[in-house]
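Engineer: Okay, structure incoming, though there's no sequence with it:
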Ligand SMILES: C[S@@+](CC[C@H](N)C(=O)[O-])C[C@H]1O[C@@H](n2cnc3c(N)ncnc32)[C@H](O)[C@@H]1O
């Protein structure tokens with residue numbers, strides 16, 4: 001399957017003092033469409049069995065996951081630092097007739113934390129030197145309602161593609177075991193439903209097919 005989150009050297013060039021909104025707007029403006037437009041496979045795999053309610057998509061990008069969730073009955077809040085990405089996402093939602101089911105918000109995870117609780121909090125491929133993943137995980141977990149679900153998906157440090165430039169910044173990435181350890185040491189009580197390393201094939205900039213590994217955590221909050 002041709003999929004997103006496989007290419008681009010842009011992440012390695014994110015300077016520690018960069019303004020993330022400006023940086024990510026620049027990334028999006030390089031192309032009329034940055035990602036595939038398809039929802040992430042791990043979102044589909046993990047959210048399909050859940051009863052829909054309220055969902056928070058952290059780092060929603062061009063909105064494919066938020067739109068998929070809305071199509072499946074969820075009331076979605078979708079957050080990203082890039083106004084360019086959010087504008088594209090909102091346009092796609094209007095095209096799908098789902099604009100009333102998704103609220104788009106521009107926020108910077110380096111300083112903002114969700115104030116409400118949600119039945120599902122999902123984050124897919126949020127990797128930034130400005131937002132250390134353990135802090136981000138705790139913030140995302142804190143936004144899960146009692147009985148709700150946390151879904152975090154990202155690149156596994158042992159499954160980074162050679163063309164992505166990711167290998168130089170391995171500490172931005174996490175194993176499912178890393179996620180479980182941080183989650184269970186943080187606030188809340190959790191049942192771990194899934195902690196998996198999942199291989200999938202992605203297509204690189206020259207059309208080459210390479211395996212990558214997704215770290216997948218799905219956990220239910222008891223209280
Ligand atoms: C690799 S993209 C993933 C987008 C989307 N989740 C997907 O899977 O298609 C990472 C996203 O995180 C957003 N992001 C990066 N740093 C952020 C920050 N500090 N605050 C909020 N969003 C941020 C970027 O704008 C980008 O849309």
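Structural biologist: Cool, the structure landed. Quick caveat: nothing in here was measured; it's all calculated off a predicted structure.
Engineer: Spell out which parts of the protein neighbour the ligand.
Structural biologist: On the criterion C-beta under 6 Å from any ligand atom, the ligand has as its neighbours in the chain the residues 4-5, 20, 24, 35, 40, 59-61, 80-82, 85, 107-110, 124-126, 128, 130-131. Heads up, the C-betas are built off the backbone N, CA and C, glycines and all.
Engineer: Are any of the residues you listed buried, and if so which?
Structural biologist: When burial is judged by neighbour count using 16 or more other C-beta atoms under 10 Å, the buried members of the residues of the chain next to the ligand are 4-5, 20, 24, 35, 40, 59-61, 80-82, 85, 108-109, 124-126, 128, 130-131.
Engineer: For the residue of the chain found nearest the ligand, give me its contacts.
Structural biologist: Scanning the chain for the residue nearest the ligand gives residue 61, at 2.8 Å (criterion: C-beta to the nearest ligand atom). Taking C-beta atoms under 8 Å, 6 or more residues apart in numbering as the definition of contact, the neighbours of residue 61 are 34-35, 80, 82, 85, 89.
Engineer: okay if I get these as CSV plus pLDDT and secondary structure?
Structural biologist: Output for the contacts of residue 61, formatted as CSV (pLDDT from 0 to 100; DSSP: H, G, I helix; E, B strand; the rest coil):
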residue, pLDDT, secondary structure
34, 87, coil
35, 84, coil
80, 98, strand
82, 98, coil
85, 98, helix
89, 98, helix
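Engineer: quick one, strands of this protein?
Structural biologist: For the chain, the strands identified by DSSP state E occupy 54-58, 75-80, 102-106, 118-124, 144-155, 190-203, 209-221, in order along the chain.
Engineer: other SSEs contacting the least confident helix or strand in the chain by mean pLDDT?
Structural biologist: Sorting the helices and strands of the chain by mean pLDDT, DSSP states H and E puts helix 20-29 at the bottom, at a mean of 94. Contacts defined by 3 or more C-beta pairs under 8 Å, 6 or more residues apart in numbering; DSSP states H and E place helix 20-29 against helix 83-95.
Engineer: Please work out which residues outside the helix it packs on touch it.
Structural biologist: The contact list for helix 83-95, computed with C-beta under 8 Å, 6+ apart, reads 21, 24-25, 28-29, 33-34, 37, 60-64, 66-67, 70, 78, 80, 99, 101-102, 104-106.
Engineer: Can you pull out the low-pLDDT segments for the protein?
Structural biologist: Scanning the chain with the threshold set as pLDDT under 70 gives 1-17.
Engineer: repeat that with 90
Structural biologist: Scanning the chain with the threshold set as pLDDT under 90 gives 1-18, 31-37, 129-130, 162-171, 204-205, 223.
Engineer: what residue is smack in the middle of it?
Structural biologist: To find the centre residue of the chain, average its C-alpha atoms and take the closest one (C-alpha atoms, centre = their mean): that gives residue 124, at 1.9 Å.
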